[in-house]
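> Okay, here's the prediction I keep looking at, along with the sequence it came from:
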Amino acid sequence: MKVAIASDHAGFWLKEIIKKYLDRKKIEYKDFGAYSEESIDYPDTAAPAARAVAAGEFDRGILICGSGVGVCIVANKVKGIRAVQAYDTYVAKQSREHGNCNVLCLAGRKLSKAKGTRIVDVWLKTDFSFDERHQRRLKKIEDMEA
């Protein structure tokens, strides 16, 4: 699995924690920034990461800003992206099983190191269910994008 990861300044600290998690799990990733806590606009890092996932360069993406909302809005503007703002493991699991979400968005100012890492762990380990009803619903979303 290959993961695109990006944040703004408010998500930088959590992004660095998640990169260590990915290293421990031997999951390949590319960091699209931010590279410090110096103020940066979240679209500048989230959009290139989401586009790389949509282009098939990465299997999934993880985006982090202060609330998780901004990066989620940006990612969902990219055709082929199904981004979720997950604030707990239930949402993370459901987003993969039912929605086949390919981008996870997190709130750097609201999640602890432990909770953020647990959410990422569940999200990365959960596969799409391939149930007919979920496939039907995703097809309707794809048709909307066309």
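Arrived safely, thanks for sending.
> Would you list the phi and psi of residue 26?
As for residue 26, its main-chain torsions (degrees, to the nearest 10) stand at phi 60, psi 40.
> Can you list the buried residues in stretch 59-66?
Using 16 or more other Cβ atoms under 10 Å as the test for burial, stretch 59-66 gives 60, 61, 62, 63, 64, 65, 66. Using the backbone N, CA and C atoms, a C-beta is placed for each residue, glycine as well.
> Remind me which helix or strand the fourth one belongs to.
Right, the one you point to is residue 63. strand 60-65 (DSSP states H and E).
> which residues touch that strand?
For strand 60-65, contacts defined as Cβ atoms under 8 Å, 6 or more residues apart in numbering pick out 1-8, 10-12, 14-15, 18, 42, 45-46, 49-50, 52-53, 71-72, 74-75, 81, 83, 102-108, 120, 124.
> in its sheet, what does it sit against?
strand 2-7 (parallel), strand 103-107 (parallel) (DSSP bridges).
> what's the most buried one of those?
strand 103-107 (a mean of 28; mean count of other Cβ atoms under 10 Å).
> For this protein, give me the ranges with low pLDDT.
Low-confidence segments of the chain (pLDDT under 70): none present.
> Nearest the geometric middle of it, what residue?
With distances taken as Cα atoms, centre = their mean, the chain has residue 104 as the residue nearest its mean C-alpha position (2.2 Å).
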